[in-house]
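1. Quick one, fold the following:
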Amino acid sequence: MGATPVITLNNGVTIPQIGYGVFQIPEAETAAAVTTAIEAGYRSIDTAAIYRNESGVGTALKSASVPRDELFITTKVWNNDQGYDETLRAFDASAARLGLDHLDLYLIHWPTPKRGKYLDTWRALEKLLADGRVRAIGVSNFLPEHLRAVADLGGTIPAVNQIEVHPALQQREAQAAGAELGVVTEAWSPLAQAGVLGDPAIARIATAHDRTPAQVVLRWHVQQGRIVIPKSVTPSRIRENIAIFDFELSADEIAAIDALESDGRTGPHPDHFN
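-> Numbering: from 1, shown residues only. This is a model prediction of the structure:
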């Protein structure tokens, strides 16, 4: 995985601590963006059925400059495909679009509690894991009560909970619940869609380290043990975002960023999104 550290999940599978997210990248631009990311050193690519760009990711993977076994590919089952049989069909469709015979990580995209299907969906993920179709399974946007409901099934504990985390929304309860169960937190929108990058505290820290504000925030994430999946289509920023493993924030700098919590959610609340 090059210079990027890896995190060992609760089933022994390792995942790079930084990955490349393709949310909101148009299908026509995805293959080129993913190719740039791989050439920049990313070995983890995060997509989802609802992003409608899995085929673009697949195109990039076919011509990738590194072997498949050095890449970590994640996708997610969408809300409309939840349920046991529906999830198995959705997985097959995603794998076909990606051009892969197995995935590294498959996630339930949202708990959608009003649908009442996420536990049946989880059982389908467990079957995919048992059948060797995927190396690890997890969830996304799960609150503590959703995580505990899955754990109470008595089967596989999710390897990952991918949630919105950034300095303005730190979701400490969800992170603590995950840590208690052995679930690694993966941060989507780790830069708050650039919304935190102009903060004076972050700017001061960036100046002190001769780094960009984005690099400082991503470094804040990784020093606290999270996986991060920043997204950009600009080649220079793609390269910049992964260049965060040759400097370190002090405890005081970490605390200054921790203090920026403001309940600044940029996406939907999991209890209300179906």
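
2. Excluding chain neighbours, what is closest to the residue lying farthest from the centre of the chain?
-> What lies farthest from the middle of the chain is residue 208; by Cα atoms, centre = their mean that is 28.7 Å. Using Cβ to Cβ, 6 or more residues apart in numbering and skipping the chain neighbours, the partner closest in space to residue 208 is residue 253 (7.8 Å). Any C-beta I mention is one placed from the backbone N, CA and C, and that applies to glycine too.

3. So what does the one you found have for phi and psi?
-> phi -70, psi -40 (degrees, to the nearest 10).

4. Need the pLDDT of it.
-> Note for residue 253: predicted pLDDT of 98.

5. Now do the buried residues in the host helix or strand of the residue farthest from the centre of the chain.
-> Residue 208 belongs to helix 200-209 when assigned by DSSP states H and E. For helix 200-209, the neighbour count (16 or more other Cβ atoms under 10 Å) marks 201-202, 205-206, 209 as buried.

6. would you turn the residues you listed into TSV with pLDDT and distance to residue 180?
-> Converted to TSV, the buried residues of helix 200-209 look like this (pLDDT from 0 to 100; distance: Cβ to Cβ, whole Å):
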residue	pLDDT	distance to residue 180
201	97	30
202	98	30
205	98	30
206	98	33
209	98	33
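
7. now, which of the residues you listed sits nearest residue 190?
-> residue 202 (12.8 Å; Cβ to Cβ).

8. Relative to residue 198, how far out is the residue lying closest to the closest one once chain neighbours are set aside?
-> The shortest distance from residue 202 to any non-neighbouring residue, by Cβ to Cβ, 6+ apart, is to residue 213 (4.8 Å). To residue 198, residue 213 is 7 Å away according to Cβ to Cβ, to the nearest Å.

9. The two: which is more packed in?
-> Using other Cβ atoms under 10 Å, the more surrounded residue of residue 213 and residue 198 is residue 213, with 20 against 9.
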